[in-house]
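**Q** Next input, structure requested:
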Amino acid sequence: MSLDIAQKSALLAGVTSLVPAVALTAGFPALGLAPSSIAVPMLSISAAFFAFASAYQLRRMRGPRGAAPIDPGLENQVLNAHAMVTMTDAEANLTYVNDRFLEASGYEREDLIGKNMAVLFADLETPVVQSIKESIFVGKTWSGETILLCADGSQIWTQTTIMPRLDKAGRLLGWMSVRTDITAARSAASEQDIVLSLHRMPSPIAIFCEETGAVLYLNDAALDLFGWDRSTYLGRRILEGPVGMDVPESYSAMRTLRNGEADHVTFKLVLNGRDFEAHLQLVRPEAARARYVVSLRDLSEMEELERVKDEFISNVSHELRSPLTSIKGGMGLVLSGIAGEIPEKAKGLIDIAHRNTDRLILLVNDILDMEKIAAGRMEFDLQPADLAKTVEQGLAEMEGLAQQYEVSFAPMLPNQPAIVDFDQTRMMQVLANLVSNAAKFSAPGSEVLVSLTSVPEGWQLEVVDKGKGIPREDMATIFERFQQASNRSGKRTNGTGLGLSIVKAIVERHKGRVTIDSTEGVGTTVTCVFPRGEYKKPTDVGIQAAG
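**A** Numbering: from 1, shown residues only. Model prediction:
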């Protein structure tokens, strides 16, 4: 279907004068427009200008006076080459689509002709579609950006103008839509927005050519780090900067990415006297050379924040420990009756406060221990000694704990000395944490198995309970600070969430390793493996164990 001169003139010129009010008699079911008897005025925008445009268009089509008219076929070719054109009838069914529309959308002509134009919209409830409805309802031309749904389900952005087609009596015959693909322009604008966002990122970001090392982009933070100017940095080699990209770690990381051994690499750099963590990726665009993208994270700032935090926790903990110890001692004396008889009701309240003070002191001590371990200030006096004797002694000292939780300890110790280089105090701390956890989470009347066996790596200490077990989702973080397993038992445990993290730190300082295995409803096994120590004579071992 081709457009005649009158249609093209109407498309470009519009309405030349105010048309008397008429009633719209046709509806557009797909767009939600019902037939209406409401009288609406037709377009009256800049009547004088459109009259001039209409006359000019007709003269252009006819050619200069005395000359042959311009070939309408040529007009169609120009329109097809430039824009996507569709026409509909009064029922919103497509009656015409040009070749340019078919090329851009991927449809076949027979797939569209006679179909409702709703097939071209992914969503008929968007504000844009509602605006189009309102304009068509009052007989106005609509212009703006729309999303065109293509045959393969993809979408393209178009700059669209939709103009009603009217007969001489002002009745709506349908409308014509002219679209221009602006997807590339919108993508470019979106990429520009991304670049602007990268400019403002607080972490330094650099992009450089994979082959030559030429710098392609630096954000503001990277420019400050390099000491370069935005107007002059393009084309300079990344190795010219002060960031030390020529260190062996950098070359090794780039080689790993180039060989396809990984999709990203993280390594550490010292740049301008500051520690950075570099995250490097190799990007291979389809229409451009491969380039490296590196983002840098300043570790010195994080280390300073971590130091301040640890220092604060340490100071607060030290300030808390002395008054808490004094409060606990005072309440203990009151409970013992040294200050005289106290009413039973008051005694119960003081007893609760006394137990809560114990919890606070335990938490403070655990925090101090973690702070010492993290700062490398916890002292370890590693001496070869019999670990079996230490375990036996520790279980005897914790018999009161077994009675409290209504469990029993079942030791399985070797008949020979289990010589390990360890710190007596810290090893007792490990044992106390593991055994107390097992007792807390065991069912009343059950046994807590504590075994020490010889394995190829050294000596293996296992603590096994028959409790509720640890949920699978908690296993990944069970050794982290302030982590406790959820819903392991209905009993109140009064834990700090630091016990296992302290155990892990102490065991690793003994050059050992700790693992945990748990099944919900069955129980939990914690395993510590320590390397063998140098054997000493029984008398020496006995002295060390006793000390």
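**Q** Correct me if wrong, but residue 417 is in a strand.
**A** No. Read with DSSP: H, G, I helix; E, B strand; the rest coil, residue 417 is coil and lies in no strand.
**Q** quick one: the strands in the stretch 201-350 of the chain?
**A** All strands of the stretch 201-350 of the chain, identified by DSSP state E, counting those that start in this stretch, fall at 205-209, 215-218, 264-271, 274-283, 291-298.
**Q** Export those strands to CSV and append columns for distance to residue 392 and mean pLDDT.
**A** In short, each C-beta sits where N, CA and C put it, glycine included. Shown next, in CSV, are the strands of the stretch 201-350 of the chain (distance: least, Cβ to Cβ, whole Å; pLDDT from 0 to 100):
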stretch, distance to residue 392, mean pLDDT
strand 205-209, 60, 88
strand 215-218, 65, 86
strand 264-271, 46, 84
strand 274-283, 47, 87
strand 291-298, 49, 88
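**Q** just for this protein, where's the confidence low?
**A** Within the chain, the ranges that satisfy pLDDT under 70 run 1-81, 187-196, 241-247, 286-287, 314, 317, 374-377, 481-497, 535-547.
**Q** nearest to residue 386, of the strands of the stretch 201-350 of the chain?
**A** Closest approach to residue 386 among the strands of the stretch 201-350 of the chain (Cβ to Cβ): strand 264-271, 42.3 Å.
**Q** quick revisit: the strands of the stretch 201-350 of the chain into CSV, with extra columns for mean neighbour count and distance to residue 352?
**A** Shown next, in CSV, are these (neighbours: other Cβ atoms under 10 Å; distance: least, Cβ to Cβ, whole Å):
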stretch, mean neighbour count, distance to residue 352
strand 205-209, 21, 56
strand 215-218, 20, 62
strand 264-271, 16, 50
strand 274-283, 18, 48
strand 291-298, 20, 47
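**Q** Same list (those) but as JSON lines, adding distance to residue 95.
**A** Converted to JSON lines, those look like this (distance: least, Cβ to Cβ, whole Å):
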{"stretch": "strand 205-209", "distance to residue 95": "51"}
{"stretch": "strand 215-218", "distance to residue 95": "50"}
{"stretch": "strand 264-271", "distance to residue 95": "54"}
{"stretch": "strand 274-283", "distance to residue 95": "47"}
{"stretch": "strand 291-298", "distance to residue 95": "50"}
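**Q** between these, which one is nearest to residue 337?
**A** Closest to residue 337 of those is strand 274-283 (Cβ to Cβ; 59.8 Å).
**Q** Show me what that closest one is packed up against.
**A** Applying 3 or more Cβ pairs under 8 Å, 6 or more residues apart in numbering; DSSP states H and E, one finds that strand 274-283 makes contact with helix 248-258, strand 264-271, strand 291-298, helix 299-336.
**Q** now the angle between strand 291-298 and the first one, please.
**A** Put simply, helix 248-258 runs at 140 degrees to strand 291-298, going by axes from the mean of the first three to the mean of the last three Cα atoms, to 10 degrees.
**Q** And the contacts of helix 248-258?
**A** Contact with helix 248-258 is made by 210, 244, 262-265, 267-269, 278, 280-282, 292, as judged by Cβ atoms under 8 Å, 6 or more residues apart in numbering.
**Q** go with 10 Å
**A** Outside helix 248-258, the residues that touch it by Cβ atoms under 10 Å, 6 or more residues apart in numbering are 210, 213, 238-239, 243-245, 247, 261-269, 278-283, 290, 292, 294.
**Q** Could you find the closest non-adjacent residue to residue 129?
**A** The shortest distance from residue 129 to any non-neighbouring residue, by Cβ to Cβ, 6 or more residues apart in numbering, is to residue 121 (6.1 Å).
**Q** The helix or strand harbouring residue 95 pairs with which strands?
**A** Assigned by DSSP states H and E, residue 95 belongs to strand 94-97. Looking at strand 94-97 with DSSP bridges, its partner strands are strand 84-88 (antiparallel).
**Q** For the strand it pairs with, output the C-alpha coordinates as CSV.
**A** Once non-C-alpha atoms are left out, strand 84-88 reads as follows in CSV (Å, rounded to 0.1, in the frame of the first residue of the first chain):
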residue,chain,number,x,y,z
MET,A,84,9.4,2.9,10.2
VAL,A,85,5.9,3.6,9.1
THR,A,86,2.6,1.8,10.1
MET,A,87,-1.0,2.6,9.5
THR,A,88,-4.1,1.3,11.3
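**Q** And it, how far out from the chain middle?
**A** 44 Å (Cα atoms, centre = their mean, to the nearest Å).
**Q** do stretch 166-173 as well
**A** Counting by Cα atoms, centre = their mean, stretch 166-173 comes out at 57 Å from the chain centroid.
**Q** That one: which residues count as buried?
**A** Buried residues in stretch 166-173, defined by neighbour count with 16 or more other Cβ atoms under 10 Å: 166, 170, 172.
**Q** do stretch 389-402 as well
**A** Buried residues in stretch 389-402 (16+ other Cβ under 10 Å): 389, 390, 391, 394, 395, 398, 401, 402.
**Q** And stretch 351-368, by the same measure?
**A** 354, 357, 361, 363, 364, 365, 366, 367, 368.
**Q** In helices, which of those fall?
**A** Judged by DSSP state H, helices contain the following of the buried residues of stretch 351-368: 354, 357, 361, 363, 364, 365, 366, 367, 368.
**Q** Endpoint to endpoint, stretch 431-450 covers what distance?
**A** Stretch 431-450 has an end-to-end distance of 9 Å (Cα to Cα, to the nearest Å).
**Q** Sorry, slip of the keys, the one I care about is stretch 239-258.
**A** With Cα to Cα, one end of stretch 239-258 sits 18 Å from the other.
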